[in-house]
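Engineer: Predicted structure and sequence below. I'll ask about it afterward.
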Amino acid sequence: MPGGRLTQQERQQIALGLADGLAYAEVARRLDRPTSTITREVMRNGGPTAYRADLAHRATERRAHRRRSTAPREPGAPAQGYGRDDEAVREYEETFTTLLMQQGLPKMTARVLTCLFISDAGSVTASELVQHLQVSPASVSKAVALLSDLGLIRRERDERRRERYFVDDDVWYQSTIASARGVAQVAETARQGVSVLGRDTPAAARLENIARFSDFVSESILRAAEQVREILHTKPEPTPGSSNPLQQPGASGAITGSPDARRR
């Protein structure tokens with residue numbers, strides 16, 4: 001399987017494939033590339049309806065130029081904290097951003113949320129986001145406002161009175177709960193239509209089916225989220241005489257949840 005960056009000719013083949021309505025997997029097969037490579041390429045350059053090979057190629061060249069222009073690190077300095085590799089982190093950041101965009105988040109919102117996810121501190125300031133993403137403060141502000149409305153981040157003032165954005169460890173639980181409530185609202189609205197359209201009409205029957213389905217999905221998601229959260233936050237009971245630190249309550253890095261709790 002060929003490696004390296006996509007060529008301009010490959011980008012033209014991607015554009016032709018999209019115009020023909022081909023799935024990402026089929027485009028990837030024809031180019032002998034991973035599907036994730038094609039998905040990331042398209043999503044970071046306008047999406048399937050706005051992708052243009054020439055613009056995508058120039059954008060990639062500009063990104064590469066900015067990276068080359070970045071001041072080199074001192075000899076022997078680690079690429080990232082914990083010895084991480086800069087390029088690998090960038091590639092992963094782009095992959096996660098693409099995933100969030102596929103889930104429905106706007107591009108800038110997805111980029112900001114990914115920055116928080118991969119931050120060891122779990123928090124960043126607006127100026128840090130502007131510097132890291134190379135975007136305007138207004139773009140960051142708009143993305144942060146949306147994430148805050150969705151309940152995915154919280155804002156606090158730090159000791160220097162700067163607004164700092166946080167993502168909590170249970171952010172995906174909160175996101176799942178919000179999603180389940182959204183599905184429940186679909187059920188409620190569908191049932192309103194039943195009475196408006198007439199209970200014995202085909203349209204009302206369709207809406208009633210939507211409501212029942214949405215009720216079931218919402219209740220299942222809520223129940224599963226609560227069960228998983230309870231398991232993950234259950235502290236293992238200490239074993240008398242045990243010297244294994246992973247069996248001690250509150251041990252750092254331990255996978256919480258007793259075997260009995262996991263079977264619930």
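Structural biologist: Everything's here; your move.

Engineer: so where does the nearest residue to residue 26 once chain neighbours are set aside fall, helix or strand?
Structural biologist: If you skip the residues right next to it in sequence, residue 26 has residue 17 as its closest partner in space, 7.0 Å away by C-beta to C-beta, 6 or more residues apart in numbering. C-beta coordinates here come from the backbone N, C-alpha and C atoms, glycine included. In the assignment (DSSP states H and E), residue 17 maps to helix 8-19.

Engineer: I'd like the distance from the helix or strand following that helix to the chain centre, please.
Structural biologist: Proceeding C-terminally, helix 8-19 gives way to helix 24-31 as the next helix or strand, assigned by DSSP H and E. Relative to the centre of its chain, helix 24-31 is centred 24 Å away, using C-alpha atoms, centre = their mean, to the nearest Å.

Engineer: quick revisit: now do the residue nearest to residue 26: how many residues are near it, please.
Structural biologist: Applying other C-beta atoms under 10 Å, we find 21 other residues in the vicinity of residue 17.

Engineer: So which residues of this structure form helices?
Structural biologist: Listed in chain order, the helices of the chain (DSSP state H) span 8-19, 24-31, 35-43, 53-69, 86-102, 107-117, 126-133, 137-149, 171-197, 202-232, 259-263.

Engineer: So which of those is nearest residue 158?
Structural biologist: Closest to residue 158 of those is helix 126-133 (C-beta to C-beta; 11.5 Å).

Engineer: Would you mark the buried spots in that closest one?
Structural biologist: 126, 128-130, 133 (16 or more other C-beta atoms under 10 Å).

Engineer: Just name the closest of those residues to residue 141, please.
Structural biologist: Using C-beta to C-beta, residue 126 is the member of those that sits closest to residue 141, with 7.0 Å.

Engineer: what sits against the closest one?
Structural biologist: Residue 126 sits next to 137, 140-141, 144, 162-163, 165 when contact means C-beta atoms under 8 Å, 6 or more residues apart in numbering.

Engineer: Of those residues, which is the nearest to residue 45?
Structural biologist: For residue 45, the closest of the contacts of residue 126 turns out to be residue 140, at 21.0 Å, with distances computed as C-beta to C-beta.

Engineer: Quick check, that closest one in contact with residue 132.
Structural biologist: No - taking contacts as C-beta atoms under 8 Å, residue 140 lies outside contact range of residue 132: 9.8 Å.

Engineer: Nearest residue to the spatially most central residue of the chain in space, please, no chain neighbours.
Structural biologist: Note on the chain: the residue nearest the mean C-alpha position is residue 100, at 3.5 Å, using C-alpha atoms, centre = their mean. Nearest non-adjacent residue to residue 100, counting by C-beta to C-beta, 6+ apart: residue 110, 3.7 Å away.

Engineer: quick one, what contacts the one you found?
Structural biologist: The neighbours of residue 110, taking C-beta under 8 Å, 6+ apart as the test, are 97-98, 100-101.

Engineer: same thing but at 10 Å, please
Structural biologist: Counting by C-beta atoms under 10 Å, 6 or more residues apart in numbering, residue 110 touches 43, 96-104, 143, 147.

Engineer: Run through the residues that contact residue 12.
Structural biologist: Shown in contact with residue 12 (C-beta under 10 Å, 6+ apart): 52-54, 56-57.

Engineer: could those residues go into TSV alongside neighbour count, pLDDT and distance to residue 187?
Structural biologist: Rendered in TSV, the data for the contacts of residue 12 read as follows (neighbours: other C-beta atoms under 10 Å; pLDDT from 0 to 100; distance: C-beta to C-beta, whole Å):
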residue	neighbour count	pLDDT	distance to residue 187
52	15	88	41
53	20	87	44
54	11	87	46
56	21	83	41
57	19	84	46
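
Engineer: Brilliant, that's me finished.
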